[in-house]
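Asks: Got a sequence here, can you build the structure:
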Amino acid sequence: MPYPAGPAGAVVGEFVPDLVVDAVVGAGPPRTFALHELFEPCAPRPHLLVLRVGAGFCGPCRWHAAHDALLAKSFGARLRVVDVLVTDEDNMLAGASVAERWRARVAGPDIVAADPRMRLVVAREPLPAYVLVAADTMRVTTRVSNPPPELLDWYVASALAAMDHLPPPPAPSVAKVDGVFTQDQWGLLMEMTLPGAPPPDPTNAKADDPGAAALGAELFFDASLSPSGTVSCATCHDPRKDFTDGLPQSVGVATGDRNAPSVLLSAHSRWQFWDGRADTLWMQAAGPMEDMKEMASSRLFVAHRVAASRKAAYEAVWGPLPPLEDGTRFPPSGKPGDPAWAQMTQGDRDLVTRVYVNVAKSIAAFERTLRVAPNALDAYVAGNPAALTQAEKRGLAAFFAAGCAQCHWGPRLTDDAFHGVRFPTGRRDGAADTGWRDGILQLMTSEFHAGTPWSDAPQVRFSHLAPVSFTLGTMKTPPLRGVTSTAPYGHGGTLATLRDVLEVYAEPGLPETDLRATGVVEPWLPRIAPHDRDAILPFLGVLDAHAQ
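Replies: Now for the predicted structure:
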């Protein structure tokens, strides 16, 4: 029998589209999979297809996939569960490799499919979305977004009952932990634990060397690395302000175009900068020194300053400095693109660049030592129910219900991925910020990414990335741990308060006619209603992250 013809879509009553996608089926290698393979027009007891639409970055999606046993225990062989992924961990459009990584990460169903065309996605619906389909008709019977387990079981049981021409079961009561949180919300909450030591960084052989960290601490606060003598890393990352600067756009030797994120816990992040143009912490540290709006320095200048003021400390960690006192070989300043740099031999340029990279790795080693004190949320997660007020608990529940935990989950409350929200630009010329699209290009062409010889364990980390149109204007999800200290907000620093941030989600995002933003708003971006905005604010107020 041919696949049903008629209105195809992903809402109740329509025939689900006959997806033809890359997928992992069972234990086999990726292959082309078509949804019509699950069509059972003549089966005496057809399956119920559970199409779970999700994304690799999504916290609730991961929780649901990790708890598939709940469905299997209740319904067993009557179900065929298919994970349909639209994007990967970084929010890059999904493909066969994404399905493979998802299968390796979670227990997962028998079929993991990649649908970068997002044909089962509905606007403003948080992920994961469950699309229940009767396999004998391929008609959508039920659609529900991120349900608690008891309700998911009920929706499935009701759909099976309808297929078997039986009355639906009675609606269940939903158990609430501490009288507030559903089982899935509680599971995500228990993962919002206080971050400890950052993950290892094999690309920096001195990442956790105490001597390198001590040297890096001195260099972090050293304004003499800038020719103006006025700008250091601490200028934009002031420990008195929880390692940010409190300004809309960072100010070095000139005013920049973006807000300065805190470097607290930045060693935990997969990517650095708002646009992800660095893939290691030391690559991030190397960038501002030669940026003309930040420190406006050069690698030759930095090497000479280190030789003049910290020779012993540097050589104790990194070994002998080159003979920088030889002015005929090593001019006082210069970097790639400068005439002085071009006149040097390649060997001498490499010697200077090695010093420059080692300075950045030392600063990264210092930043890796930064820790934050526990806050009220940590006390609550640790077992103190009185650590949060009822208003703060209700705010956290509203945070989950609105879909905020799609991107803000885990110890730092971030997915470290890149999203299209259409926040206003902070660029001095008023132009929209192109974000991750150009950040990917800069990363791929950088001389310092983790796959270059300057890495102590060369590894290409961006082979799955591509500057496609979907990445235009997207920015890295900021951590919410520490959000109380990082105003103003947004990559452009144009949102003064957390209420202003929540107001952006009311639309959501700037309209496409507003030239202060570019790219598209993601379909799963939550539309936060006024009562939810009022409820969420008290919860956000507990998310401090003070250095200790």
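
Asks: Point to the residue nearest the middle of this structure.
Replies: Geometric centre of the chain, nearest residue: residue 416, 1.9 Å, by Cα atoms, centre = their mean.

Asks: these two touch, right, that residue and residue 266?
Replies: No. With contact defined as Cβ atoms under 8 Å, residue 416 does not reach residue 266; the gap is 10.5 Å. Just so you know, the C-beta spots here come from the backbone N, C-alpha and C atoms, and that holds for glycine as well.

Asks: mind listing what's buried in the helix or strand hosting residue 63?
Replies: Using DSSP states H and E, the element containing residue 63 is helix 59-66. Buried residues in helix 59-66, counted by 16 or more other Cβ atoms under 10 Å: 59-65.

Asks: cool, and stretch 197-205?
Replies: So, applying 16+ other Cβ under 10 Å, buried residues of stretch 197-205: 198, 201, 203-204.

Asks: can I get the residues you listed in CSV with secondary structure?
Replies: Shown next, in CSV, are the buried residues of stretch 197-205 (DSSP: H, G, I helix; E, B strand; the rest coil):
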residue, secondary structure
198, coil
201, coil
203, coil
204, coil
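
Asks: Now the two most distant members of the residues you listed.
Replies: 198 and 203 (12.9 Å; Cβ to Cβ).

Asks: In this structure, where is pLDDT below threshold?
Replies: 69-73, 107-108 (pLDDT under 70).

Asks: all strands of the stretch 1-150 of the chain, in order?
Replies: Under the criterion DSSP state E, counting those that start in this stretch, the stretch 1-150 of the chain contains strands at 20-25, 31-34, 48-54, 79-85, 111-114, 129-134, 139-145.

Asks: Check the stretch 401-548 of the chain too.
Replies: 418-419, 475-476.

Asks: Let me have those strands in JSON lines, extended by distance to residue 360.
Replies: Putting the strands of the stretch 401-548 of the chain into JSON lines (distance: least, Cβ to Cβ, whole Å) gives the following:
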{"stretch": "strand 418-419", "distance to residue 360": "23"}
{"stretch": "strand 475-476", "distance to residue 360": "20"}
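
Asks: Burial check on residue 533, number of neighbours?
Replies: Residues contacting residue 533 under the criterion other Cβ atoms under 10 Å number 18.

Asks: give the contact list for it.
Replies: 499, 502-503, 505-506 (Cβ atoms under 8 Å, 6 or more residues apart in numbering).

Asks: can you pull the contacts of the closest residue to residue 97 other than its chain neighbours?
Replies: In this structure, residue 97 finds its nearest non-sequential neighbour in residue 464, 6.4 Å apart by Cβ to Cβ, 6 or more residues apart in numbering. Listed by Cβ under 8 Å, 6+ apart, the contact set of residue 464 reads 88, 90, 92, 97-98.

Asks: Repeat that for residue 74.
Replies: With Cβ under 8 Å, 6+ apart, residue 74 has these contacts: 153, 156-157.

Asks: who wins for neighbours among these?
Replies: Busiest of these [other Cβ under 10 Å] is residue 156, holding 22 neighbours.

Asks: element containing that residue?
Replies: helix 149-163.

Asks: which helices and strands sit right next to that helix?
Replies: Applying 3 or more Cβ pairs under 8 Å, 6 or more residues apart in numbering; DSSP states H and E, one finds that helix 149-163 contacts strand 48-54, helix 69-75, strand 129-134, strand 139-145, helix 183-189.

Asks: Determine which of these approaches residue 382 most closely.
Replies: helix 183-189 (11.6 Å).

Asks: what does the domain assignment say about this structure?
Replies: The chain breaks down into these domains under automatic domain parsing: 20-174, 210-367, 376-435+472-540.

Asks: Of all the ones you listed, which one comes closest to residue 546?
Replies: domain 210-367 (6.1 Å).

Asks: now the end-to-end length of the closest one.
Replies: 12 Å (Cα to Cα, to the nearest Å).

Asks: Grab the longest helix from the protein for me.
Replies: helix 346-367 (DSSP state H).

Asks: so what's residue 521 up against?
Replies: 420-422, 508-509.

Asks: make that residue 371, sorry
Replies: 195-196, 547-548.

Asks: Find the pair from these with maximum spatial separation.
Replies: Between any two of these, the greatest separation by Cβ to Cβ is 14.5 Å, found for 196 and 547.

Asks: Look at the residue sitting furthest away from the middle of the chain and give its secondary structure.
Replies: When distances are taken from the C-alpha mean of the chain, residue 328 lies farthest, 47.0 Å away, according to Cα atoms, centre = their mean. Following three-state DSSP, residue 328 is assigned to coil.
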